[in-house]
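> have a look at this prediction, sequence included:
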Amino acid sequence: MTVDDPAGLRAYILKRSVELWCPFPVRRASGDPRAEERLVSWIVDTGLAGPLTDEQRNRLPVVFAAYRLTEWRALNFPDVLERETQWLMDRWLGLGLVLEWILDQSVTACPGQDESTWKLGEQLARLFRTGPGTGLLTPKAWAAAVTCTAELLEETERRHGTEWRQEFGDAFARTVEASVLETTQNTLGRVTGLTPYLWLRPDSYGSLPHVLLALMSQGVHARARFLRHACAAGAVRAAILHNALVNDILGYAKESVLENLNGNAVLIVQRQHGATLHEAVSTVIGMCNEQVRTLEHFATLLRESAVGFPTGEQSAVAPFTEMLRSNVSGVIRWHLTAPQYAAWTPEDHG
């Protein structure tokens, strides 16, 4: 199997996916059956689609149907049932995808001029951390993205408070920074090793902001003691790294065809260790399964440590760990059913 046979690669990866270990049930949140359609309309109405090419704008409904972002939210966070919170999460997902496209375009439009992309990424990260009105000099084409980011940050703060908005903004800023790094390194052909890749991968995957939104919906305080516990941080990292590596495995056919050599763990293992495809997939599946065991290990330790938390926080530990387990089971199901991964072909690119 080679990049000349993406269908064969995809079939092979899907066959190997049964080796992903997940002891948690798959659950799905009920919600607006027209959520995906509503999200696409919001992208168009706000002008977020402005920086995209005419072809990309015309294909927005098709592309969003392939990604099934609202289904990702429903499977990853089945206990987020309040419609307004679902809609807030959906818009952040849609905005995140558009920002990723804009950053990618800034790299491909000026190959070799990574300084301009770094500046764009830094300005966007600063917007997430400090809000609008801080001397941002983003291109005119970014105006709608800046406006939507500011409005959603304001809505997040209005609903959940300044401290949560700050936590959320910092998490999203790290996603931007890691994504810019990954994209520029890949475009410039700079070799990334497995260890630094795994260190940054939870941020570039970008699901931490949505984990925080789910915690907000549970009524957890941004400065809750249990969230600062080392085992809580370890559990979150294990769950997100697992999900990111599942993304790498199920996205292998696409990433290999597009030569995203520094943005996929399977490809990095192949290159760094001279591994065959079978060996590399086995290695990364093993990493995924180890993250599930790590999550359960930290969940047990956190539960045992709960006796030392404030009384009002002890009851929040179980919903917190259950949310992370739902992340793990939901993300596997989503990748196996979303056309963006389960049925991707080179014709879908762009």
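Noted; the coordinates are in hand. Numbers count the residues shown, from 1 in each chain.
> which is the next helix or strand following the helix or strand where residue 103 lies?
Here residue 103 sits within helix 83-109, counting by DSSP states H and E. Once helix 83-109 ends, the next helix or strand along the chain (criterion: DSSP H and E) is helix 114-130.
> what is that next one packed up against?
Applying 3 or more Cβ pairs under 8 Å, 6 or more residues apart in numbering; DSSP states H and E, one finds that helix 114-130 makes contact with helix 83-109, helix 143-160, helix 162-187. All C-beta atoms are positioned from the backbone trio N, CA, C, and that covers glycine.
> got the angle between it and helix 83-109?
Helix 114-130 runs at 160 degrees relative to helix 83-109, counting by axes from the mean of the first three to the mean of the last three Cα atoms, to 10 degrees.
> ok so, going back, and the helix holding residue 103, how far out from the chain's middle?
Helix 83-109 has its average C-alpha position 10 Å from the chain's average C-alpha position, going by Cα atoms, centre = their mean, to the nearest Å.
> what about the residue nearest the centre of the chain, distance to residue 276?
In the chain, the C-alpha nearest the mean C-alpha coordinate belongs to residue 206, at 3.2 Å (Cα atoms, centre = their mean). Counting by Cβ to Cβ, to the nearest Å, the gap from residue 206 to residue 276 is 30 Å.
> show me where pLDDT drops low in the stretch 101-250 of the chain?
Scanning the stretch 101-250 of the chain for pLDDT under 70 picks out the ranges 105-117, 132-141.
> thinking again about what came up before, please list all residues in contact with the residue lying closest to the residue nearest to the centre of the chain once chain neighbours are set aside.
Spatial nearest neighbour of residue 206, excluding adjacent residues (Cβ to Cβ, 6 or more residues apart in numbering): residue 175 at 4.1 Å. Listed by Cβ atoms under 8 Å, 6 or more residues apart in numbering, the contact set of residue 175 reads 96, 203-206, 208-209.
> let's see it at 7 Å
Counting by Cβ atoms under 7 Å, 6 or more residues apart in numbering, residue 175 makes contact with 203-204, 206, 209.
> inside helices: which ones of those?
Among the contacts of residue 175, the members falling in helices (DSSP state H) are 203-204, 209.
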